[in-house]
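> Give the three-dimensional model of this entry:
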Amino acid sequence: MLDRLGSGLKDALKKLAGKTVIDKAAVDELVRDLQRALIGADVNVKLVMQLSQAIKQRALDEEPPKGMSVREHVLRIVYQELVNLMGQGAEVQLGPQTILMAGLQGSGKTTTTAKLARYFQRKGLRVGVICADVFRPGAYAQLTTLCTKINVPCYGDPGEKDAVAIVRRGLGELKHAEVVIIDTQGRHALEDDLIDEIVRINELTRASHRWLVIDAALGQQARDQARRFHDAINIDGVIITKMDGTAKGGGALSAVSETQSGIVFIGSGETIDDIERFDPDGFISRLLGMGDLRALVERAEEVIGEDEVDMNALMKGKFTLRDMYKQMEALKKMGPLKQVMSMLPLGGMDIPQDAYDVTGQKMERYRVIMDSMTDAELETPSVIGGSRVHRIAAGAGSSPDEVRELLKYYKTMQRALKLFRGGGGGKFNMQRMMKKFGGM
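Numbers count the residues shown, from 1 in each chain. Next up is the predicted model:
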């Protein structure tokens, strides 16, 4: 969904950037293109129409700020209105707290509970988890397995049918944890007994946060869930899961933005680290190919030690072939490569899918190949020509094609990372934006 929506939005803005005159006709065409992209992603039609009217009115009535052209002014308006469409992100505190997880069965609540535990653990906090799902068979086993992988204590009692009693005992067992996350039971619908139980758990725990987990595949139907749970326990944050696998993700995003609950996290993958803080500004920036450097730096600081990689070199796009293996090992720790690359200000740059598919086995082959290179070749890869490729391949027991693949991958990463120069911290920069879309 995000790839398709991002492509549609970027295409609309590229078309505007190519216009010689920005008049009412140009603005109308832009708005139609934006409408197609947003409605195609299942964003609520009413919200799309409101956004369209806001863009038209502001683009035609507002005077551009001093030093900004009309074209730049319209692009800025589009960016701001898209950010407004997403609503405000909910607050995340990095201190002692109790988090109550709510949601229907199948929403990904248990997996998300473990992902949250990992998120707070990476922030340096002591985390504990309570499994209060006494309805779904295997819920405790699943959550325990996930928590064991990250060394987070998980309390539960598969033989106990009283969820409130489990939570009461769990709070005692986890009294030394700074962050306690409670996974409650879900059902196939919003039954009254489900609501009654979570209300009692909320009263017992006096939870700091009550976060609702919603499957992005629900689309605009997410609105009803959010409102029902909000009425019951005052939901103060929503987590949208499975954003990488549905065309309805825009509907879920926009549905939640209409309620009183802000979006707090987005889940877009299957690994324990595949969860991201939701920031409307950064989210739209990434959709438009401008990256989100703030999120990238935060991720890097969490998982990469200073001795593992030179972050200044990474940020400036400066690294030799000698550095590449160490750099890529560090990037792997930051999460799926495609997710990390989306945080870079790549603009319209097309990164081939196979560039994201560097497996651990292939990384090991790359290391062996680099062991067959001279110091000069590692420092200055441009000197590697045909005869050197064959010599390196023979020394590494690989094929010349494999050596060329390594060099091609290195050049792809070098081009991408060089775009960090003059980044600006991921904030909206109109001149940089216009350059991305070919308008300057």
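> quick one: the residue most central in space within the chain and Ala252, what's the gap?
Nearest to the mean C-alpha position of the chain, counting by C-alpha atoms, centre = their mean, stands Glu276 at 4.5 Å. Distance, Glu276 to Ala252, by C-beta to C-beta, to the nearest Å: 15 Å. Using the backbone N, CA and C atoms, a C-beta is placed for each residue, glycine as well.
> what do you get for Gln93?
As judged by C-beta to C-beta, Gln93 and Ala252 stand 24 Å apart.
> Which one of the two is surrounded by more residues?
The neighbour comparison of Gln93 against Ala252 (other C-beta atoms under 10 Å) goes to Ala252, with 32 against 11.
> In contact with that one, which residues are there?
Asp42, Ile214, Asp215, Ala216, Ala217, Leu218, Gly219, Gln220, Ala222, Ile240 (C-beta atoms under 8 Å, 6 or more residues apart in numbering).
> is it possible to export those residues to JSON lines including secondary structure, neighbour count and distance to Thr111?
Converted to JSON lines, these look like this (DSSP: H, G, I helix; E, B strand; the rest coil; neighbours: other C-beta atoms under 10 Å; distance: C-beta to C-beta, whole Å):
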{"residue": "Asp42", "secondary structure": "coil", "neighbour count": "24", "distance to Thr111": "23"}
{"residue": "Ile214", "secondary structure": "strand", "neighbour count": "30", "distance to Thr111": "13"}
{"residue": "Asp215", "secondary structure": "strand", "neighbour count": "25", "distance to Thr111": "11"}
{"residue": "Ala216", "secondary structure": "helix", "neighbour count": "28", "distance to Thr111": "14"}
{"residue": "Ala217", "secondary structure": "helix", "neighbour count": "21", "distance to Thr111": "15"}
{"residue": "Leu218", "secondary structure": "helix", "neighbour count": "23", "distance to Thr111": "16"}
{"residue": "Gly219", "secondary structure": "helix", "neighbour count": "24", "distance to Thr111": "20"}
{"residue": "Gln220", "secondary structure": "helix", "neighbour count": "20", "distance to Thr111": "23"}
{"residue": "Ala222", "secondary structure": "helix", "neighbour count": "26", "distance to Thr111": "18"}
{"residue": "Ile240", "secondary structure": "strand", "neighbour count": "27", "distance to Thr111": "13"}
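> Now render these as a markdown table, adding pLDDT and distance to Arg388.
Output for these, formatted as a markdown table (pLDDT from 0 to 100; distance: C-beta to C-beta, whole Å):
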| residue | pLDDT | distance to Arg388 |
| --- | --- | --- |
| Asp42 | 81 | 52 |
| Ile214 | 88 | 54 |
| Asp215 | 86 | 52 |
| Ala216 | 83 | 49 |
| Ala217 | 82 | 51 |
| Leu218 | 81 | 55 |
| Gly219 | 79 | 54 |
| Gln220 | 79 | 58 |
| Ala222 | 81 | 56 |
| Ile240 | 87 | 50 |
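> Tabulate the residues you listed (JSON lines), appending distance to Gln57.
Compiled in JSON lines, the contacts of Ala252 are given as follows (distance: C-beta to C-beta, whole Å):
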{"residue": "Asp42", "distance to Gln57": "25"}
{"residue": "Ile214", "distance to Gln57": "32"}
{"residue": "Asp215", "distance to Gln57": "35"}
{"residue": "Ala216", "distance to Gln57": "31"}
{"residue": "Ala217", "distance to Gln57": "34"}
{"residue": "Leu218", "distance to Gln57": "32"}
{"residue": "Gly219", "distance to Gln57": "28"}
{"residue": "Gln220", "distance to Gln57": "25"}
{"residue": "Ala222", "distance to Gln57": "29"}
{"residue": "Ile240", "distance to Gln57": "30"}
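> For Gly262, state which of those is nearest.
Proximity to Gly262 was ranked across those by C-beta to C-beta; first place goes to Ile240, at 11.4 Å.
> Any regions of this structure where pLDDT drops low?
Applying pLDDT under 70 to the predicted model, the residue ranges of the chain that meet it are 1-3, 188-189, 244-248, 257-259, 286, 289-319, 322, 325-361, 413, 416-440.
> all strands for it, in order.
Listed in chain order, the strands of the chain (DSSP state E) span 97-102, 127-132, 154-155, 179-184, 209-215, 237-241, 263-267, 275-277.
> Quick one: closest of these to Lys19.
Among those, the nearest to Lys19 by C-beta to C-beta is strand 263-267 (33.3 Å).
> Next up, the contacts around the residue of the chain most remote from its centre.
Residue distances from the centre of the chain (C-alpha atoms, centre = their mean) peak at Ser387, which lies 43.4 Å from the mean C-alpha position. Contacts of Ser387 were listed using C-beta under 8 Å, 6+ apart, and none were found.
> any idea how far Ser399 is from it?
Using C-beta to C-beta, one gets 15 Å for the distance from Ser387 to Ser399.
> What of Arg118?
Computed with C-beta to C-beta, the distance linking Arg118 and Ser399 is 39 Å.
> neighbour count winner among the two?
Here Arg118 and Ser399 are set side by side on neighbour count (other C-beta under 10 Å), and the busier one is Arg118, at 21 against 13.
> Please report the distance of the more buried one from Asn151.
Using C-beta to C-beta, one gets 10 Å for the distance from Arg118 to Asn151.
> again with Asn84
Here the criterion is C-beta to C-beta. By it, Asn84 lies 41 Å from Asn151.
> between these two, which one's more packed in?
Relative neighbour count places Asn84 above the other of Asn84 and Asn151, with 16 against 9, counting by other C-beta under 10 Å.
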